[in-house]
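Novice: below: sequence and its predicted model.
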Amino acid sequence: MNIILFDQPDFFTSLLPLTYTRPIALLRVGILTIADKWKKNLNHPISYLTAEYLEEKYNLRLGGENMLINGAICPNRELLDALDRLKIGEALYQNDLLLAANTDDNGVRQFANLKKSNTFTKINFPHQITLIKYPWDIFRNTADEIKNDFELLTKGRTSADIKDNYTRTYNDSQIFIEEGVEIKAAILNAEKGPIYLGKNSSVLEGAMIKGAFALGNDSVVNMGTKVRGDSSIGPCCKIGGEVSNSVLFGYSNKAHDGFIGNTVIGEWCNLGADTNTSNLKNNYLPVKVWNYNSESFYPTGMQFCGLIMGDHSKCGINTMLNTGTVVGVSANIFGAGFPRTFIPSFSWGGAHGFNTFILNKTFETAELVMQRRNQILSKVDRDILTSIYEKSAKYRAWEKRKYNEI
């Protein structure tokens with residue numbers, strides 16, 4: 001069986017800027033990305049049906065018999081059982097939402113070309129699903145998905161020991177430590193959710209971590225960090241200060257003092273020292289967030305929502321970001337005051353105003369940042385950034401648009 005994780009176009013757009021640089025299934029929700037969840041549960045090859053400009057990096061492979069799965073859905077036991085019973089030509093639906101379809105190569109081609117699925121025999125799926133339709137769905141489901149992934153990754157395995165005599169733990173059965181982890185004089189409290197520490201990660205002196213929490217391979221929790229729970233940090237990241245219900249996808253740093261809450265940060269991002277995000281409005285009303293489908297501020301229905309930041313974006317020291325701020329790809333934010341709450345991709349500036357971040361300068365910065373982690377900015381990556389630069393140009397018509405939600 002060949003597994004194809006497909007991007008539903010309206011979901012792909014509503015999840016921007018996080019999906020500018022990746023298929024939906026490569027969003028990190030819990031310890032793992034959605035794609036990794038499917039890989040581990042199904043143990044079959046996986047490819048992607050995504051936006052055309054991403055296809056060279058995330059290509060589609062056909063396998064004779066193919067299971068098309070909506071890349072915005074996290075697996076659960078009921079869904080896995082239903083997929084196991086699905087025959088060629090049949091599709092699982094929940095109301096009008098296509099969850100999955102079993103089809104041959106020709107069926108995949110027709111689906112890719114027509115962007116619809118009316119040729120399948122519909123089977124209703126009556127059980128609950130975890131759907132990632134908007135960026136805030138990521139942090140909203142992080143705690144539950146950490147618990148699910150924790151069970152998936154640790155079942156039948158034994159955690160490495162904590163050798164530091166000055167580290168205090170609570171509810172040890174829900175703490176799992178991979179090989180090579182360094183912990184010194186920390187507090188790990190898993191009474192309200194599991195704590196997972198990936199290979200060769202570090203928790204430094206005085207860090208206080210409350211579950212649910214996941215730390216990716218080679219990542220660091222700096223000295224004195226306060227993690228208030230329900231947070232997932234991807235591989236090769238650094239966190240410091242205060243972190244609450246937030247997700248860093250990977251290769252990103254929030255290494256210094258300052259607060260982030262109810263926040264999602266992509267890859268290759270950096271928050272300068274004492275950067276703070278607001279996640280609650282002073283009037284306690286639900287937060288509105290920029291939505292790329294409607295090209296307007298969209299009501300989340302949530303009282304708590306902080307920062308959404310796309311890949312390769314940066315902000316300088318003492319940056320203040322208002323509730324529900326959305327920052328695109330390769331933006332550079334600096335200066336005093338609160339910048340607008342929607343900052344388009346390739347923007348350079350702050351509360352004083354913005355200019356366009358020149359594409360060649362973007363490449364220079366990305367190359368330097370990635371070299372520090374022994375990674376390269378490939379030609380394919382450059383082409384993707386170029387496509388995003390062109391697609392996002394209309395949002396950088398500063399004199400014509402107002403990007404603050406009141």
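Specialist: On my side now, so go ahead. Residues are numbered from 1 along each chain as shown.
Novice: below-threshold pLDDT in the stretch 301-406 of the chain: ranges please.
Specialist: 398-406 (pLDDT under 70).
Novice: residue boundaries of the helices in it?
Specialist: Applying DSSP state H, counting those that start in this stretch to the stretch 301-406 of the chain gives helices spanning 359-371, 379-391.
Novice: so which of those is nearest residue 73?
Specialist: For the helices of the stretch 301-406 of the chain, the distance to residue 73 is smallest for helix 379-391, at 24.4 Å, taking Cβ to Cβ. Every residue, glycine included, has its C-beta placed from N, CA and C.
Novice: list of residues touching the closest one?
Specialist: 20-21, 53-54, 56-57, 312, 329-330, 345-346, 359, 362-363, 366 (Cβ atoms under 8 Å, 6 or more residues apart in numbering).
Novice: quick one: which of the residues you listed is most hemmed in?
Specialist: residue 312 (32 neighbours; other Cβ atoms under 10 Å).
Novice: I'd guessed that one sits against residue 265; true?
Specialist: No - judged on Cβ atoms under 8 Å, residue 312 makes no contact with residue 265 at a distance of 11.1 Å.
Novice: per-residue confidence at the residue of the chain positioned farthest from its centre?
Specialist: Within the chain, the residue lying farthest from the chain centre (Cα atoms, centre = their mean) is residue 165, at 34.9 Å. We have a pLDDT of 95 for residue 165.
Novice: so which helix or strand takes in it?
Specialist: Using DSSP states H and E, residue 165 falls within no helix or strand.
Novice: kindly report the same for residue 146.
Specialist: helix 142-154.
Novice: elements contacting that helix?
Specialist: helix 34-42, strand 175-177, strand 195-197, strand 213-215, strand 231-233, strand 242-250 (3 or more Cβ pairs under 8 Å, 6 or more residues apart in numbering; DSSP states H and E).
Novice: on that earlier part again, tabulate the helices of the stretch 301-406 of the chain (TSV), appending distance to residue 300.
Specialist: Shown next, in TSV, are the helices of the stretch 301-406 of the chain (distance: least, Cβ to Cβ, whole Å):
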stretch	distance to residue 300
helix 359-371	29
helix 379-391	24
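Novice: nearest to residue 141 among these would be which one?
Specialist: helix 379-391 (26.0 Å).
Novice: between the helix holding residue 146 and strand 242-250, how big is the angle?
Specialist: Put simply, helix 142-154 runs at 60 degrees to strand 242-250, going by axes from the mean of the first three to the mean of the last three Cα atoms, to 10 degrees.
Novice: mind listing what the residue nearest to residue 362 when sequence neighbours are not counted touches?
Specialist: Computed as Cβ to Cβ, 6 or more residues apart in numbering, the closest residue to residue 362 that is not its neighbour in sequence is residue 330, at 4.6 Å. Applying Cβ under 8 Å, 6+ apart, we find residue 330 in contact with 310-313, 345-346, 357, 362, 365-366, 385, 388-389.
Novice: report the beta-bridge partner residues of the residue nearest to residue 162 when sequence neighbours are not counted.
Specialist: Residue nearest to residue 162 in three dimensions, not counting chain neighbours: residue 183, with 5.7 Å by Cβ to Cβ, 6+ apart. Beta-bridge partners for residue 183, by DSSP bridges, are residue 203.
Novice: what's the spacing between residue 183 and residue 39?
Specialist: For residue 183, the distance to residue 39 equals 29 Å [Cβ to Cβ, to the nearest Å].
Novice: between those two, who's got more neighbours?
Specialist: Neighbour totals were compared for residue 183 and residue 39, and residue 183 leads with 23 against 17 (other Cβ under 10 Å).
Novice: burial of the nearest residue to residue 32 once chain neighbours are set aside, as a residue count?
Specialist: Spatially, and ignoring its direct neighbours in sequence, residue 32 is nearest to residue 149 (5.0 Å; Cβ to Cβ, 6+ apart). The tally of other residues near residue 149 (other Cβ under 10 Å) stands at 24.
Novice: quick one: contacts for residue 149?
Specialist: 30, 31, 32, 37, 196, 214.
Novice: cutoff 6 Å now
Specialist: 30, 31, 32 (Cβ atoms under 6 Å, 6 or more residues apart in numbering).
Novice: same question for residue 290.
Specialist: Counting by Cβ under 6 Å, 6+ apart, residue 290 has contacts 297, 326, 342.
Novice: any idea how far residue 341 is from the first one?
Specialist: When distances are taken as Cβ to Cβ, residue 297 and residue 341 turn out to be 8 Å apart.
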